[in-house]
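> Sequence and predicted model, in that order:
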Amino acid sequence: MSPQPIRRLLVANRGEIAARILRTARARGISTAIVRHPDEEGGLAPRLADACLTINGATPVAAYLDVAEIVRVAREWGADAVHPGYGFLSENARLARGLAEAGIRFVGPTPEVIELMGDKIRARNFVVERGFPVAPSAVEADDPATFARRALAVGLPILIKPAAGGGGKGMRIVRDAAVLETELATARREGERYFGDGRLFVERYVERPRHIEVQVLGDSHGNVVHFGERECSVQRRFQKIIEETPSPALTPQKRADICEAAAGIARAAGYVGAGTVEFIYGAGGEFYFLEMNTRLQVEHPVTEMVTGFDLVAEQLRVCEGEALGYAQSAITTQGHSIELRICAEDPAQGFVPATGTIHLLREASGPGVRVDSGVHQGQRVGSDFDPLLSKLIVHGRDRREAIARARQALRDTALLGVTTNTAYLDRVLAHPLFAAGDYSTAFLDEQSAVLSGKDEVQPLDLLMAAAALSDRQLVDAASSVPAIYAAMGGWRN
Amino acid sequence: MSPQPIRRLLVANRGEIAARILRTARARGISTAIVRHPDEEGGLAPRLADACLTINGATPVAAYLDVAEIVRVAREWGADAVHPGYGFLSENARLARGLAEAGIRFVGPTPEVIELMGDKIRARNFVVERGFPVAPSAVEADDPATFARRALAVGLPILIKPAAGGGGKGMRIVRDAAVLETELATARREGERYFGDGRLFVERYVERPRHIEVQVLGDSHGNVVHFGERECSVQRRFQKIIEETPSPALTPQKRADICEAAAGIARAAGYVGAGTVEFIYGAGGEFYFLEMNTRLQVEHPVTEMVTGFDLVAEQLRVCEGEALGYAQSAITTQGHSIELRICAEDPAQGFVPATGTIHLLREASGPGVRVDSGVHQGQRVGSDFDPLLSKLIVHGRDRREAIARARQALRDTALLGVTTNTAYLDRVLAHPLFAAGDYSTAFLDEQSAVLSGKDEVQPLDLLMAAAALSDRQLVDAASSVPAIYAAMGGWRN
Amino acid sequence: MKKILAIDGEQYACTLTRTPGSLRLQAGERSFDCALDALGDGRYRVRAGDARREALIAQHGDQVWIHLDGRTHTIQRINPLDLLAASGRGGADSALSPMPGTILTVQVKVGETVKSGQVLLTMESMKLEVTITAPHDGEIAEVLCAPGQSVPVKATLVRFAAKAEATS
Amino acid sequence: MKKILAIDGEQYACTLTRTPGSLRLQAGERSFDCALDALGDGRYRVRAGDARREALIAQHGDQVWIHLDGRTHTIQRINPLDLLAASGRGGADSALSPMPGTILTVQVKVGETVKSGQVLLTMESMKLEVTITAPHDGEIAEVLCAPGQSVPVKATLVRFAAKAEATS
């Protein structure tokens, strides 16, 4: 079948990823729409799309998770393809099926592959059968009655995971058998609420591991390539906040091994589209399959920065039925790239989400700096969605140049009105262990004392002057001193 | 001698290039200053520098061209190096010498090389002696009395050039012997005014040539490399407005030939620092040395986009005495890059410079987009300096993707209050000959009828509505209709 | 007129007075002339004694955000009278929302006696579930939220009866 | 109240009237309801009949810039009375500056008779030298600039005597 160009693309997402997808779609001359719940205001993506379609739901999140609603607006607007972004329904096979029934293409793999990889237990079995290593584990569904006992038998510490989960949501570490039951109950509730599936499994928790993932891409003609790895070990609450490529941990040989394993898994699954194979990487160089994300990742830009490929453009081409048109050897990398996630949160208060209005916004720019933003000046940031506001991505000829640029770009970023983690991110970049590339997923927790250290308030007088003089009330009061005192002022001091 | 780090850098320039140099210097942890004439207001660069030093002069331009003044402020501020940017004193050997006497480094080649390449006639002779081809020519200084006659003997059409010139300033094409004397007089005056040197030479004007240049870099240890070519044929009034790399004209063999010629010339000259060797490239694949610019070029970012190198960082490293530390083979290119020069000018009026205030500014961003801007919202744009406001640089996996991104980025650029060439640039990018890569330096002139074609005013009603409704006077007048008419309004139409 | 400035959480008292041709800020031992000039677009030139710097400033009510030297500082302007009033309250205490979000479940009723650590309610914010527990033994005097309700940060969710009674 | 809108150089006459609940724009044959809502930061929602679009708008005096669908349009709002007044002038004509810049040399004097094409003066703008020549034979009535002077675009630099006299 000859390629069928996409002419009308609905982006069923919001925030920075919707804006980023729209940019590529528009440059390709595609008509675009996005969805939006009536309670939402502002946002950069609606400004970039040709149309903005209302989706209804009890809450904004519920609307974004409503398959029928997305299919309805896609059909009514006349979309010929839907890009799901990440999160929400991006790994939902029902959406892919619902769209297919309506004659609309889903920018992602087949529903069968989504289901295979979406069920963490089936995915693990699939990977084990192909000879790739996974960590010791226990699966609730094998025998629910004995699950708690089998979980303990894996050997503490263990990690509880929702069978249908992803992105760190609902995951809990258990180091003490006494709290196992409570933690299982909480994880089950969260799994039900976020994924509509309360089934769990546990895995041996590898202490101080690295989280390394590999970007893969397959076309509908049987070609599969990889785009190298991303190092994603800098995490708080199982959520990545800094990602980079190449990983400072890998030797060329290890890199080849892990990347080829990822491409091998994708090939075995008949994977079509962009996907990511995640691995746990141990201090001894051993790596275990963790999961496969059948969608674009938040951190995909670092791969784009070093390979020069536009992964969204590749997704769209593959969805249109085009063959990749290049071999693995044509994918080369140049330099080093780092991504920083700028979040509305207060690191000093345990990363509690922050809300407010962005009264003033200045974004970084210049050589080697890319900003994938989802917000604009004047926008209200509420608590309905996750706290990611924008991503700062830098490129440098080497890791040192990339870190220097990242730090400068952070200082050039001014987002006034909502508390963000920019100063915290800068402290992470400035940490000697980060500079040495010597860190694991435990890094932020282990170094929390150093990292939470407040900056000394240096320019105190300037800050006081600015705060006092921008206060109308205070200035007026100072100025309304009776004339006689004012005249005397010069002599009295 | 071991490398001597630069700690305090003065950027003796303004506008976008000053901002761009400051970004790299700051990321390297260098203290920075820029210069500024008292008549100037606004500008992005002063916001990025740690200090802003006043230079005096009868006019702003005179101050930027005043060697003694630049040396004075550099010394007073305690600069240990001065980066001259492009234009102004960037190719002035007296500045390099004056700084050296004050114990301050000049970020550029030695005064001797600047003088060699700055004298177009000596440079041509130098290159000819090394066996590289140059176009037929006549030099005034050889025998001023017979210059006009010898100029005609080169064979019309000819190109008059100031011996001390560069950047297209003071150049004139003569196709008719009758106007030769007038044109020589004008060129001489311009040469005197801009370069303090009225000497001229003429060259055979190659019809419909391409302008191709090669970026070179040498260190103080005898290493010279090149970073590939840039295609700079899209010019109006001898000024480039769109540049790209790789050139759509070159075969791999021609590319190797021209790049190696450039590196050979730089090597022969003992070149230290970043420089550019410019060539005229004929339709038959022949190329002639045109001149060597001993400084950073306006269009250097396209090279950075495909090679991943930061050329300003390399300039600073070389100036510090570091060895390059990489071989020619380590410089690889990825994809395609295009630069668009956004100028305050009205293409509909023969590119007449425009002035005004930037009431609103929104710059493009997103994957593959870089903006090197020199201006900010609220800034006044006067007529003291050249009309370049900012540069839009894009990267794509191939030329087609780069063009698509460039066009989208232009549409995303809103600069309200000053007439710019953005719509004109978009018409150039949309031209079938540009898309085919089939153009010469005559392209814009030959296609001027097509390119000056105004966009059809499509959304006329919307524009009228916006213009009328944003007029307080008009809205007030409409609203003050006596109540009786207003009430009847609904029935009468 | 005196104000308290809470700069990144640290409190400083200050008084502004006019001297001929300038404004003078008194803060603790220190006292210096100061000035603030708007440069447009949220940018200001700030002067404090001999120090001069450009900064980006935004304000909303008594909250001020200042981006200076690459860092953003949050400043709360507090009227000393409000501080005084706040310190006068007390007695009964409350459970506050640690972040803005939505109430998921409320697991206690008015009049109910709870133990320290007992779950009072659960809430969700930005996809994170948080459990609010009783900070000490006590009796619930008031429940000020319901499942599904959105609450801002530091909203009072549950109020305890005054301690003297609760420990009886 | 009638206004002329010069949109990217093309002139259109328009009248705005209030109808119950809306504003109506009449332009030539066409007439449609319209609305303009500020969304903050220079962004507006524009409505004209059934068409609706977001645009960036800036204005300064009677000049309006509108960024709509990726293109910037320049609009001049002209009061019809001004047009009328301008057409009433005439008789003597002038040489105008084609761009803003600085006068370099003035090569004619008041009372001097010049030939068509003769150089009147030279000026410089953004490093470009421009020669201003006489558009026709005539006599110089007034010289309104001097070397070194900065002039805006379309400034009258040299005024000719009324043609009836000049051609004598």
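Yep, that arrived. Numbering: from 1, shown residues only, chains lettered A, B, ... in the order given.

> mind listing the helices for chain C?
C:80-88, C:163-166 (DSSP state H).

> weakest of these by average pLDDT?
For the helices of chain C, mean pLDDT drops lowest on helix C:163-166, to a mean of 46.

> So which residues on the stretch 201-350 of chain A come close to chain C?
A:237, A:348, A:349 (C-beta under 8 Å from any C-beta of the partner chain). Bear in mind the C-beta positions are built from the backbone N, C-alpha and C, glycine included.

> list the contacts for the second one?
What that stands for is residue A:348. For residue A:348, the contact set (C-beta atoms under 8 Å, 6 or more residues apart in numbering or on different chains) comprises A:452, A:454, C:9.

> mind redoing it with 6 Å?
By C-beta atoms under 6 Å, 6 or more residues apart in numbering or on different chains, the contact list for residue A:348 is empty.

> Pipe the residues of the stretch 201-350 of chain A next to chain C into CSV and attach pLDDT per row.
Shown next, in CSV, are these (pLDDT from 0 to 100):
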residue, pLDDT
A:237, 81
A:348, 87
A:349, 85
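
> which bits of chain C sit near chain B?
Within chain C, the positions near chain B by C-beta under 6 Å from any C-beta of the partner chain are C:40, C:41.

> Run a quick neighbour tally on the residue in chain C that chain B sits nearest to.
Nearest to chain B in chain C, going by C-beta to the nearest C-beta, is residue C:40, at a distance of 4.2 Å. Neighbours of residue C:40 under the rule other C-beta atoms under 10 Å in any protein chain shown: 11.

> secondary structure element for the residue nearest to it when sequence neighbours are not counted?
The spatially closest residue to residue C:40, leaving aside those adjacent along the chain, is residue B:378, at 4.2 Å (C-beta to C-beta, 6 or more residues apart in numbering or on different chains). For residue B:378, there is no host helix or strand (DSSP states H and E).

> Could I get the phi/psi values of residue B:378?
phi 90, psi -10 (degrees, to the nearest 10).

> Low-confidence stretches in the chain?
Answering for chain A, as no chain was given. Per-residue confidence for chain A (pLDDT under 70) gives these ranges: A:1, A:165-168, A:455, A:457, A:481-493.

> try chain C instead
C:81-92, C:126-128, C:163-168.

> Report the closest residue of it relative to chain D.
Per C-beta to the nearest C-beta, residue C:41 is where chain C lies closest to chain D, at 10.7 Å.

> now that residue: how far from residue A:471?
The spacing between residue C:41 and residue A:471, counted by C-beta to C-beta, to the nearest Å, is 20 Å.

> ok, now residue A:127?
Residue A:127 is 61 Å from residue A:471, by C-beta to C-beta.

> So which of the two has more stuff around it?
A direct count of neighbours by other C-beta under 10 Å for residue A:127 and residue A:471 places residue A:127 higher, at 24 against 20.

> Look at the spatially closest residue to that one that is not a sequence neighbour and give its secondary structure.
Distances taken as C-beta to C-beta, 6+ apart place residue A:289 nearest to residue A:127, at 4.5 Å, with adjacent residues excluded. Secondary structure, DSSP: H, G, I helix; E, B strand; the rest coil: residue A:289 is strand.

> Could you find the residue nearest the spatial middle of chain A?
Centroid-nearest residue in chain A: residue A:298, 3.3 Å away (criterion: C-alpha atoms, centre = their mean).

> so what's the closest residue to that residue other than its chain neighbours up against?
Closest residue in space to residue A:298, ignoring its immediate chain neighbours: residue A:86 at 5.9 Å, by C-beta to C-beta, 6+ apart. Applying C-beta under 6 Å, 6+ apart to residue A:86 gives the contacts A:17, A:295, A:296, A:298.

> Try it again at 8 Å.
Residue A:86 sits next to A:13, A:17, A:293, A:295, A:296, A:297, A:298 when contact means C-beta under 8 Å, 6+ apart.

> same check, this time on residue C:2
Residue C:2 makes contact with C:13, C:14, C:15, C:80, according to C-beta under 8 Å, 6+ apart.

> Narrow those residues to just the buried residues.
Using 16 or more other C-beta atoms under 10 Å in any protein chain shown as the burial test, those include C:14, C:15 as buried.

> Which of the contacts of residue C:2 sits closest to residue B:45?
Among these, residue C:14 lies closest to residue B:45 (C-beta to C-beta), at 34.5 Å.

> I'd say that closest one and residue C:3 touch.
Yes: with contact defined as C-beta atoms under 8 Å, residue C:14 reaches residue C:3; the gap is 5.9 Å.

> Can you get me a residue count around the spatially closest residue to residue C:93 that is not a sequence neighbour?
Nearest residue to residue C:93, sequence neighbours excluded (C-beta to C-beta, 6+ apart): residue C:160, at 5.6 Å. Using other C-beta under 10 Å, residue C:160 has 23 neighbouring residues.

> next one: residue A:326
Neighbours around residue A:326, by other C-beta under 10 Å: 13.

> any idea how far it lies from chain B?
Taking C-beta to the nearest C-beta, to the nearest Å as the measure, residue A:326 falls 9 Å from chain B.

> now residue A:333
From residue A:333 to chain B the distance is 9 Å (C-beta to the nearest C-beta).

> Spit out the contact partners of the nearest residue to that residue once chain neighbours are set aside.
Nearest in space to residue A:333, with sequence neighbours left out and distances taken as C-beta to C-beta, 6+ apart, is residue A:306 at 4.2 Å. Listed by C-beta under 8 Å, 6+ apart, the contact partners of residue A:306 are A:228, A:245, A:246, A:333, A:334, A:335, A:336, A:337, A:395.

> Narrow these to those in strands?
A:228, A:245, A:336, A:337, A:395 (DSSP state E).

> Next, count neighbours for the residue lying closest to the first one once chain neighbours are set aside.
Leaving aside its chain neighbours, residue A:228 sits nearest to residue A:333 (5.6 Å; criterion: C-beta to C-beta, 6+ apart). As a burial measure, residue A:333 scores 18 neighbours (other C-beta under 10 Å).

> one step back: quick check: the residue nearest to residue C:93 touching residue C:110?
No: Residue C:160 lies out of contact with residue C:110 (C-beta under 8 Å); the separation is 11.0 Å.

> Between those two, which contacts overlap?
Common contact partners of residue C:160 and residue C:110 (C-beta under 8 Å, 6+ apart): C:140, C:141.
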